[in-house]
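Visitor: okay, predicted coordinates and the sequence, questions at the end:
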Amino acid sequence: MKIKSVRARVFEWKGRTVPPQGNFCSNAMDLVYDNRANAHAAGQDTMNTFRFHGWTVVEVETDDGIVGLGNVALAPKIAKAIIDEYLAPLVLGQDPWDYEYLNQRMYRATHAWGRKGVGMAAISAVDIAIWDILGKSVNKPVFKLLGGRTKEKIPCYYSKLYRTDLKEMQAEAAKFLDQGFKAFKMRFGYGPAHGQKGVVENLKSVEAVREVIGYDNDLMLECYMGWNLEYAKRMLPKLEKYQPRWLEEPVIADDIDGYVELNQLTSIPISGGEHEFGLYGFKQLLDRKAVSVVQYDTNRVGGITMALKINALCEAYSVPVIPHAGQMHNYHLTMSSLNCPISEYFPIHDVEVGNELFYYIFDGDPAAENGFLQLDDHKPGLGLTLKTEYLDQFSITE
Ligand code: MG
């Protein structure tokens, strides 16, 4: 079996989207002064630069007609150019079973500029598509190739609860509590730029969600890199009483000293890794005890081949891996690793931030039932097909 073609297409969503609301999620841009003429209006939408309405979909085809699917959700046009210009020539004519060789080839050939960010995200998509081919070629789901079932089904946590009106947040939490979820992740709306009033608002929102879900269920707190070390040091002691399971990405991904300090500061476990890349990136986080929960995303970190190595490393450090986002490439790894206790789950939802776009591009992602996800033993590969239903709502670049 040889790889015959690599096709990367950019899917940009042109359909209806949920309008942005207020301070719905703190993020790294919150700390930067906005000098635009319409700054006030733009400032209302704090997630301006963190929307993922364009995705790169990769189809890798073999000479016997098997097509593997992968995707990138970071900088899609650049990811496509990297795949077309640099990665496709490295894998064409190669045997997909040589996945470690191919991953090393892509990683080392692009090392001068690839290493972290969109270069690794592009590699990830090709690697994921290769694993999809492997599963399909032996008629087995990918998780069976990675070690099989380590759990009967995958517990998952409800991930949304953007900062809106507190009553709306409570209604949202109540709705999904009723659906059987036992873990919930909420977003902070405020950071250093909002002063003490924002501190109070942040605390009120955690209190409001805890009021609904009680203390028998897990609550995760998400900062999305929207705080800085000084602000996080003020917030963490105040949040301890709410018993969060973790507090996610309090500072930007490069501030590793900040993570180290915060992870020792209180009883709250600090999580991160959604914006970290490759084996060495995670070795550094683990060696420094910077995070207590690792949250790589398989389609950023270097693909399934790289994720397997990071899983082994994390297991040896007794640090659980809970991949960022839903999606099959993450679920198959979670199913096959004892050290991956739970999955993030974005509900099927109208297009908003863009995390949910995989439901519009692909068929096959499982819907949560009673707080669990199930993978099909009889669906080969990742278990995905391209969806046709919404094709006319995307602008597609070949
Ligand atoms: Mg996150």
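Guide: Done, it's in.
Visitor: contacts and neighbour counts: CA atoms only from here.
Guide: Fine.
Visitor: might one say that Gly326 is in contact with Glu344?
Guide: Yes - the pair Gly326 / Glu344 is scored as a contact, 5.6 Å apart, by Cα atoms under 8 Å.
Visitor: next SSE after whichever strand or helix holds Arg108?
Guide: For Arg108, the host element (DSSP states H and E) is helix 99-109. Going down the chain from helix 99-109, the next helix or strand is helix 118-137, by DSSP H and E.
Visitor: other SSEs contacting that following helix?
Guide: strand 54-62, strand 67-72, helix 76-82, helix 99-109, helix 142-145, helix 298-301, helix 303-316 (3 or more Cα pairs under 8 Å, 6 or more residues apart in numbering; DSSP states H and E).
Visitor: out of the ones you listed, which is the most enclosed?
Guide: Sort the helices and strands packed on helix 118-137 by mean neighbour count, taking mean count of other Cα atoms under 10 Å, and helix 298-301 sits at the top with a mean of 30.
Visitor: what's that helix in contact with?
Guide: By Cα atoms under 8 Å, 6 or more residues apart in numbering, the residues outside helix 298-301 that reach it are 71-74, 117-118, 120-122, 124-125, 128, 275-278, 304, 307, 323, 329-330.
Visitor: circling back to that earlier point, adding distance to Val6 and mean pLDDT, write the helices and strands packed on helix 118-137 out as TSV.
Guide: Listed next are these as TSV, based on distance: least, Cα to Cα, whole Å; pLDDT from 0 to 100:
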stretch	distance to Val6	mean pLDDT
strand 54-62	5	97
strand 67-72	9	97
helix 76-82	11	98
helix 99-109	14	98
helix 142-145	20	98
helix 298-301	17	98
helix 303-316	16	98
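Visitor: so which of the ones you listed comes closest to Gly135?
Guide: Nearest to Gly135, of all those, is helix 142-145, at 5.1 Å by Cα to Cα.
Visitor: show the subsequent helix or strand relative to the closest one.
Guide: strand 154-159.
Visitor: partner strands of that following strand, with direction?
Guide: If you go by DSSP bridges, strand 154-159 pairs up with strand 183-187 (parallel), strand 343-345 (parallel), strand 372-373 (antiparallel).
Visitor: coming back round to it: by how many degrees do the helix holding Arg108 and helix 118-137 diverge?
Guide: 170 degrees (axes from the mean of the first three to the mean of the last three Cα atoms, to 10 degrees).
Visitor: now for helix 99-109, which elements pack on it?
Guide: Using 3+ Cα pairs under 8 Å, 6+ apart: helix 99-109 touches helix 88-91, helix 118-137, helix 303-316.
Visitor: which outside residues touch it?
Guide: Residues contacting helix 99-109 (Cα under 8 Å, 6+ apart): 87, 90-91, 96, 114-115, 120, 123, 127, 130-131, 302, 305-306.
Visitor: from those residues, keep the buried residues only.
Guide: 87, 91, 96, 114-115, 120, 123, 127, 130-131, 302, 305-306 (16 or more other Cα atoms under 10 Å).
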